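*Asks:* with the sequence up front, the predicted model follows.
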Amino acid sequence: MQCPTCQNTDSRVLESRSADTGKSVRRRRECLNCNFRFTTYERVETMPISVIKKDGSRELFKKDKLVTGISRACEKTTFTSEAIINFVDGIESQIIQESNKDIKSSRIGDLILKGLRKENEVAYIRYASVYRKFNGVKDFISTLESLKGTSKNELASIL
């Protein structure tokens, strides 16, 4: 590791600890030449994932876009910002496990809807209204009826 002040490549590790909830390692280092102390992070290098849009175009997967969209759907609900981050981390893990390099945007949307349906019905309806491009009240009503039907089935299975 190259020292930021003198560019010497000899350093020693003073301390290592887990960072980013176990996804990286934070290391405190000391340069053996000038004794400057600095921090480095070690992460697993992953292949970038391309998202295939509906029109066939491709763009790199961006976790921030998921956080923004889900945050909008979860406004004024019981979802905390920490819960949103954890939810998005789970979606990102599923995406990484399912795909080598490419994933369709529709698959990402389906994963989000499936997760939101379990977590928060209001956020689910909000996200579905944008993702499925609701045109009117009929779309909302049919989605609400499907939620209502699921709730009855879940209740029946518990009883």
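*Replies:* Yep, it's here. These numbers come from a predicted model, not from an experiment.

*Asks:* which residues in the protein form strands?
*Replies:* For the chain, applying DSSP state E gives strands covering 11-19, 24-31, 37-43, 50-52, 58-60, 102-104.

*Asks:* what does the fifth one contact?
*Replies:* In other words, strand 58-60. With contacts defined as CB atoms under 8 Å, 6 or more residues apart in numbering, strand 58-60 is touched by 48, 49, 50, 51, 52, 53, 102. (C-beta placed from N, C-alpha, C; glycine too.)

*Asks:* please indicate which of those residues are buried?
*Replies:* The neighbour count (16 or more other CB atoms under 10 Å) marks 49, 51, 52 as buried among the contacts of strand 58-60.

*Asks:* find the nearest non-adjacent residue to residue 117, please.
*Replies:* Counting by CB to CB, 6 or more residues apart in numbering, residue 124 is the residue found nearest to residue 117 once chain neighbours are left out, at 4.8 Å.

*Asks:* now swap in residue 72 and tell me
*Replies:* Take residue 72 and drop its neighbours on the chain: the residue closest to it by CB to CB, 6+ apart is residue 126, 7.4 Å away.

*Asks:* in this structure that neighbour contacts residue 69, no?
*Replies:* No - applying CB atoms under 8 Å as the test, residue 126 and residue 69 come out as separate, 9.9 Å apart.

*Asks:* contact partners for residue 91?
*Replies:* Applying CB under 8 Å, 6+ apart, we find residue 91 in contact with 66, 108, 111, 112, 115.

*Asks:* redo that, cut-off 6 Å
*Replies:* Contact partners of residue 91, counting by CB atoms under 6 Å, 6 or more residues apart in numbering, are residue 111.

*Asks:* again, but for residue 40
*Replies:* Residue 40 touches 1, 27, counting by CB under 6 Å, 6+ apart.

*Asks:* how near is it to residue 92?
*Replies:* Per CB to CB, to the nearest Å, residue 40 is found 24 Å from residue 92.

*Asks:* tell me the confidence at residue 151?
*Replies:* Residue 151 carries a pLDDT value of 45.

*Asks:* wait, doesn't residue 26 sit right on residue 17?
*Replies:* Yes - at 5.4 Å, residue 26 counts as touching residue 17 under the criterion of CB atoms under 6 Å.
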